[in-house]
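In: sequence plus the predicted model coming up.
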Amino acid sequence: MASPQPSHSANASGATNALSDLNSTTLGAKFPEITLPDGSKVQTGTVGAMLVNIRTYNVAHAAGDTAKTEALESSFKAALPLLDKVGLFDLFTPEEWIQGDNEGRKAVGRLYREFKASQ
């Protein structure tokens, strides 16, 4: 599953479109955008797509399919700015994501820490 990776220089509209495409592909449906109280628009379906991708990552990791896990990590990276914006990592810290034996969840926590360190 090749996934586009928005660059830090990508404009917000381009990143939103890329995330919308990823969510639609993962979940098999087109999801609308919603407007947050600050006026910014965000793509719905992102948390659901991430949960599906975490499960898929776990299966790929157990099978030793590094090509699949790397592609899924690209999908996780694409979702991080939006998930950060809506406060998901205020509810569950990166450390909480990394704890335990769920490899997909660990990957999300690790990638989020890298994302925040690069800002």
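Out: All right, it came through fine.
In: identify each buried residue in the longest helix along the chain, please.
Out: In the chain, assigned by DSSP state H, the helix with the most residues is helix 66-85. Across helix 66-85, burial judged by 16 or more other CB atoms under 10 Å covers 68-69, 71-83. C-beta here means a position set from N, CA and C on the backbone, and glycine is covered the same way.
In: please apply the same query to stretch 102-109.
Out: Neighbour count says stretch 102-109 has N102, G104, R105, K106, A107, V108, G109 buried, by 16+ other CB under 10 Å.
In: what helix or strand is the second one on?
Out: Taking DSSP states H and E as the criterion, the element that holds G104 is helix 103-117.
In: what mean pLDDT does that helix have?
Out: Across helix 103-117, pLDDT averages out at 97.
In: got any ranges where this protein has weak pLDDT?
Out: Along the chain, the model assigns pLDDT under 70 to residues 1-16, 23, 27.
In: 50 instead, please
Out: Scanning the chain for pLDDT under 50 picks out the ranges 1-11.
In: which non-adjacent residue is nearest G45?
Out: F31 (3.5 Å; CB to CB, 6 or more residues apart in numbering).
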